[in-house]
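>>> Got a predicted structure plus its sequence, pasted below:
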Amino acid sequence: MNRINKKQLLERRVSKIPSLMIMVAVIASCGSGDNVNDNTICDCNNKVNAIEITDSEGTVYFDGNIQKWYISTHTEGTYDEVQLFIPCNMKEEYKEAKNKKVLFSGTAFDLLSGLSNVPAGSTYRCIEILAFDLSQK
């Protein structure tokens, strides 16, 4: 029978600590993956499954988790279904409408990459804004 004394057991445990610390550091540096730049989520030159949006009312918000501006619209006739449009051509003037209702038109299309932790009933899409009215109340 192979017997290990306390000193050998302690040495084995201590020798595993550096590799465990490296593994924890690598995992911690990976993050959630949602904090990406605009071109990896929305590209105005790559419109997959494009649809035209005309005179839609929504509210402008900033999502700190994904570091993106978006316009939230409620789908009429539903209880909790919302469309969240991430502009690929976000201008400074649009940001002035934060938390305000706006009227907008544009070409909406699929994201280039998916987002995790999307609330139930929510659909994210990209949009190239063609018209934006800040005067909505």
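Noted; the coordinates are in hand. Residues are numbered from 1 along each chain as shown.

>>> residues in contact with Asn99?
Shown in contact with Asn99 (C-beta atoms under 8 Å, 6 or more residues apart in numbering): Thr59, Val60, Tyr61. (Glycine included, C-beta is placed from N, CA and C.)

>>> which stretches of the protein form helices?
All helices of the chain, identified by DSSP state H, fall at 6-30, 38-41, 92-95.

>>> average pLDDT across the first one?
Put plainly, it is helix 6-30. Mean pLDDT, helix 6-30: 46.

>>> got it, and stretch 99-111?
On average, the pLDDT along stretch 99-111 is 93.

>>> Could you do stretch 48-57 as well?
The average pLDDT within stretch 48-57 is 94.

>>> which parts of it are buried?
By 16 or more other C-beta atoms under 10 Å, the buried positions in stretch 48-57 come out as Ile53, Ser56.

>>> and if you look at stretch 59-72?
Quick answer for stretch 59-72 (16+ other C-beta under 10 Å): Thr59, Val60, Tyr61, Ile66, Lys68, Trp69, Tyr70, Ile71.

>>> Can you tell me what sits against that stretch?
Residues contacting stretch 59-72 (C-beta under 8 Å, 6+ apart): 32, 34-36, 38, 41, 58, 73, 82-87, 90, 94-95, 97-102, 104, 115, 117, 124, 127.

>>> Check the residues you listed for burial and list the buried ones.
Buried subset of the contacts of stretch 59-72 (neighbour count, 16+ other C-beta under 10 Å): 34, 36, 38, 41, 58, 73, 82-87, 90, 94, 97, 102, 104, 115, 124, 127.

>>> Restricted to strands, list the residues you listed.
In strands, defined here by DSSP state E, the members of the buried ones among the contacts of stretch 59-72 are Gly58, Thr73, Val82, Gln83, Leu84, Phe85, Ile86, Pro87, Val102, Phe104, Tyr124, Ile127.

>>> Let me know the closest of those to Leu111.
Nearest to Leu111 among those: Tyr124, at 5.9 Å, using C-beta to C-beta.
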